[in-house]
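Asker: Structure for the following, please:
(one chain, ligands or ions: 1)
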Amino acid sequence: MESERYDRILAVMKRKVPDRVPWALWGHFPACKWLNGYSWEKTLRDGEESAKAHMALLRELDYNMDLLKVTPYYRFMAMQWGSKFEFINNEEEAETKEVTVKKTKDWEKLWVLDPKKELREFVRCNEILARDLRRVPFIYTIPSPIIQAMNGVSTPDQVLKDMKENPDALKQGLETITQTTIDFAKACVDAGASGVFLGIGGGGRIWKELDKKQLETYALGYDKRVLDAVKCPIKLMHICSTPAGDPKKLMEEGWFKKYPVDAINWASHSWTPVKKGKELYSDKFCICGGLDHEAVLRKGTPKQVEEAAKKAIESCAEGGGFMLGPGCTVFQDMPIANYNAVGRAVWKYGAYKK
Ligand SMILES: [Zn+2]
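Answerer: Prediction:
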């Protein structure tokens, strides 16, 4: 791809100094409150709806975002296996009505989903973006297999119980989810995506309830297979955390260096600060983040957003290998003025001196 944005992103992925700090924000754009007319629920059966909403958001902004991350409803694979979720009034949070794996025996029921059949529309979103965006690099979200198992295919309680009592059955399920995820990730890249965004930790409980050995087997083990299987220039990992579990200790002992990715992203406002993360990980990864997705991006004024962006740039931009981004998926009601405030801050403060 020939484009300034792509060059900027590739430079930071290789931990080099670009012309200016790149930026990206990501959220459930088809559910975005000020981007009327798109249906969050419809994106689960129509790839064009998802692609159009993402492109519409880019068009609405006053500043060019350097990278588009496509964020589908993260239980989209679970839905194909029969789990049910309720979408109401285009709200981004859909309540779980029924999960496919209700008991140990059910792990056998899963089958490897086909990117040309069950996952066709999600791949089609990539095809449309590749055709119509042309010079904007985009990446697609790939949920970690263990997170899919816990949140959507089954429940945290069932997975934790099977981990103790029936590890072979759980592993059989994880094999199927992993193979599905590998095939899907490859199909996205073949369709034109410049990379993948691996989300790990959603729900937070794995950080609290799995010991390090279990994390290596059930999280890293399967994640690594997905990441190693897909060949692409951008592999960005999001380490998610909620009040249910905090990965700060793992983060600060450098545990995440085991992941074969180019860049890491996490909620730096609630645990390891972004500057500290850069000190710990800049020998291995590009650092992405620095903006509190709730207190600042959702609830702050544009002036506060600009200040926060400036501060993140001042503390992390030196030496390159830094991209400004949110600590987690932005909320559907984040005001457009705050998106623009991030873009403006990057224009004002993000340029590197020649
Ligand atoms: Zn998150």
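Asker: what are the ranges of the helices in this structure?
Answerer: All helices of the chain, identified by DSSP state H, fall at 4-13, 47-60, 76-80, 120-133, 145-148, 156-165, 167-191, 205-209, 212-214, 221-229, 248-252, 274-281, 302-316, 336-349.
Asker: Tell me what angle the fourth one forms with helix 47-60.
Answerer: It stands for helix 120-133. 30 degrees (axes from the mean of the first three to the mean of the last three Cα atoms, to 10 degrees).
Asker: Could you list every helix and strand in contact with helix 120-133?
Answerer: helix 47-60, strand 68-70, strand 138-143, helix 167-191 (3 or more Cβ pairs under 8 Å, 6 or more residues apart in numbering; DSSP states H and E). Quick note: C-beta positions are derived from backbone N, CA and C, even for glycine.
Asker: Kindly recompute the last result at 10 Å.
Answerer: helix 47-60, strand 68-70, helix 76-80, strand 138-143, helix 167-191 (3 or more Cβ pairs under 10 Å, 6 or more residues apart in numbering; DSSP states H and E).
Asker: tell me the most buried of the helices of the chain?
Answerer: Compared across the helices of the chain, helix 145-148 shows the largest average neighbour count, a mean of 27 (mean count of other Cβ atoms under 10 Å).
Asker: mind checking how far that helix is from the chain centre?
Answerer: In terms of Cα atoms, centre = their mean, to the nearest Å, the centre of helix 145-148 is found 13 Å from the chain centre.
Asker: touching the ion at all, it?
Answerer: No: contact of helix 145-148 with the ion (Cβ under 5 Å from the ion) is absent, the minimum separation being 10.3 Å.
Asker: and the ion, which of the helices and strands packed on helix 120-133 is closest to it?
Answerer: Closest approach to the ion among the helices and strands packed on helix 120-133 (Cβ to the ion): strand 138-143, 11.0 Å.
Asker: burial count for the closest residue to the ion within the stretch 1-150 of the chain?
Answerer: Of all residues in the stretch 1-150 of the chain, Y74 sits closest to the ion, at 9.9 Å by Cβ to the ion. Y74 is flanked by 20 other residues according to other Cβ atoms under 10 Å.
Asker: For beta bridges, what are the partners of the nearest residue to it once chain neighbours are set aside?
Answerer: Of all residues not flanking Y74 in the chain, P143 sits nearest, at 4.8 Å (Cβ to Cβ, 6 or more residues apart in numbering). Counting by DSSP bridges, P143 forms beta bridges with G199.
Asker: about what we covered before: show the contacting residues for the residue of the stretch 1-150 of the chain closest to the ion.
Answerer: By Cβ atoms under 10 Å, 6 or more residues apart in numbering, the contact list for Y74 reads 28, 141-144, 147-148, 151-152, 199, 202, 240, 329.
Asker: Turn the residues you listed into a markdown table, columns for pLDDT.
Answerer: Formatted as a markdown table, those follow (pLDDT from 0 to 100):
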| residue | pLDDT |
| --- | --- |
| H28 | 98 |
| T141 | 98 |
| I142 | 96 |
| P143 | 96 |
| S144 | 98 |
| I147 | 97 |
| Q148 | 98 |
| N151 | 95 |
| G152 | 97 |
| G199 | 96 |
| G202 | 83 |
| C240 | 94 |
| T329 | 97 |
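Asker: Identify the farthest-apart pair in those residues.
Answerer: H28 and S144 (18.5 Å; Cβ to Cβ).
Asker: which one of these two has more residues nearby?
Answerer: Comparing H28 with S144 by neighbour count (other Cβ under 10 Å), the higher total belongs to S144, at 28 against 22.
Asker: Now do the contacts for the more buried one.
Answerer: 74, 150, 177-178, 181, 198-202, 206, 218-220, 222-223, 226-227, 237-238, 240.
Asker: Likewise for E48?
Answerer: Neighbouring residues of E48 by Cβ under 10 Å, 6+ apart: 42, 121, 124-125, 127-128.
Asker: Now H28. Nearest residue, chain neighbours left out?
Answerer: Once flanking residues are discounted, H28 sits nearest to E92: 4.3 Å by Cβ to Cβ, 6+ apart.
Asker: for that neighbour, phi and psi?
Answerer: Dihedral angles of E92 (phi, psi; degrees, to the nearest 10) stand at phi -70, psi -30.
Asker: burial measure for it, as a count.
Answerer: E92 has 19 neighbours, counted by other Cβ under 10 Å.
Asker: Same check on the one 4 residues further on?
Answerer: Taking other Cβ under 10 Å as the neighbour definition, T96 ends up with a count of 14.
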